[in-house]
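1. Predicted structure and sequence below. I'll ask about it afterward.
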Amino acid sequence: MTELSTLTADQAVSGGRMLNRLDRMLGAVERATALFSGLFIFALMLVGVTQILGRKLFNAPIFGYIDAVEMSIAVFAFLAIAYCERMNGHVRMEILIGKLRGRPLWIAEALGQILGLFVLAVLIWYGWEHAMRAYEYGDSTIDAQIPWWPSKLLIPAAFALLFLRLLLNLVGYLRLAIDREAAPVAVPLIADVRRQAMEEATGAGAVDGQTAEKSSDGSVR
């Protein structure tokens, strides 16, 4: 993502300022959902340890533990999906699109966003209907009788957040396709393999920042 401070006056006027502001607002929500998902996974891990210790040592397992785990899958499987898209963390094939540059690349990316929006619209619609049907029929887990509808409702909600992210991406790609001088804003960019590896190594403390910068320029092998 391109930060607002790196935009020139002309690039900001071309729509980058507003798009960057929207990206930051949506990004704050995405970070919050990703943080909640991570904390939820950590809490579930602690509950799992408690379940094992209680069953093995005291013969007192947690009632409804299996049911709760089944329902929690929606949290860590879908809630951070929009944040992952913002960080360009989803697995994707770049054999063809990785060879494109400039306007053909932005048009191809925009077409991919349109296709993704269509798929998400279908998933949101049927996901919502499925959650409402579970609510109306009183669908619940077999053992602890926990209602299923909150977990099922979380899925279309997470897809709706991803829908907004793809919609923002689409606007960003169309802006780049129209204006060749515009700076990339609110769009995930294809990362260079070497640069990405050095950034991860730098984050892990394996190399220092100066070495990573030289390596990304090709001066260090």
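-> Structure's in. What do you need?
2. Tell me the buried residues in the helix or strand hosting residue 171?
-> If you go by DSSP states H and E, residue 171 is part of helix 149-178. In terms of neighbour count (16 or more other CB atoms under 10 Å), helix 149-178 has its buried residues at 149, 151-163, 165-177. Glycine gets a C-beta too; all of them are placed from N, C-alpha and C.
3. Ok, stretch 46-62 next?
-> In stretch 46-62, counting by 16+ other CB under 10 Å, buried: residue 51.
4. Mind listing residues that contact it?
-> For stretch 46-62, contacts defined as CB atoms under 8 Å, 6 or more residues apart in numbering pick out 65, 68-69.
5. switch the cut-off to 7 Å
-> For stretch 46-62, contacts defined as CB atoms under 7 Å, 6 or more residues apart in numbering pick out residue 65.
6. How about stretch 66-75?
-> Contact with stretch 66-75 is made by 37, 40, 44, 141, 143-144, 146, 151, 154-155, as judged by CB under 7 Å, 6+ apart.
7. List the ones among those that fall in helices.
-> Among the contacts of stretch 66-75, the ones falling in helices (DSSP state H) are 37, 40, 44, 151, 154-155.
8. of all these, which two lie farthest apart?
-> With CB to CB as the measure, no two of the ones in helices among the contacts of stretch 66-75 lie farther apart than 44 and 155, at 17.5 Å.
9. List the contacts of residue 143.
-> Listed by CB under 7 Å, 6+ apart, the contact partners of residue 143 are 64, 66-67.
10. List buried residues within those.
-> Those of those that meet the buried threshold are residue 67, by 16+ other CB under 10 Å.
11. before we move on, back to that, give me the helices and strands touching the helix holding residue 171, please.
-> Judged by 3 or more CB pairs under 7 Å, 6 or more residues apart in numbering; DSSP states H and E, the packing partners of helix 149-178 are helix 17-57, helix 65-78, helix 81-86, helix 103-137.
12. Let me have those helices in CSV, extended by mean pLDDT.
-> Shown next, in CSV, are the helices and strands packed on helix 149-178 (pLDDT from 0 to 100):
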stretch, mean pLDDT
helix 17-57, 91
helix 65-78, 87
helix 81-86, 90
helix 103-137, 93
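13. For residue 95, find the nearest of those.
-> Between residue 95 and the helices and strands packed on helix 149-178, the shortest gap by CB to CB is with helix 103-137, which sits at 12.5 Å.
14. Understood, closing this out.
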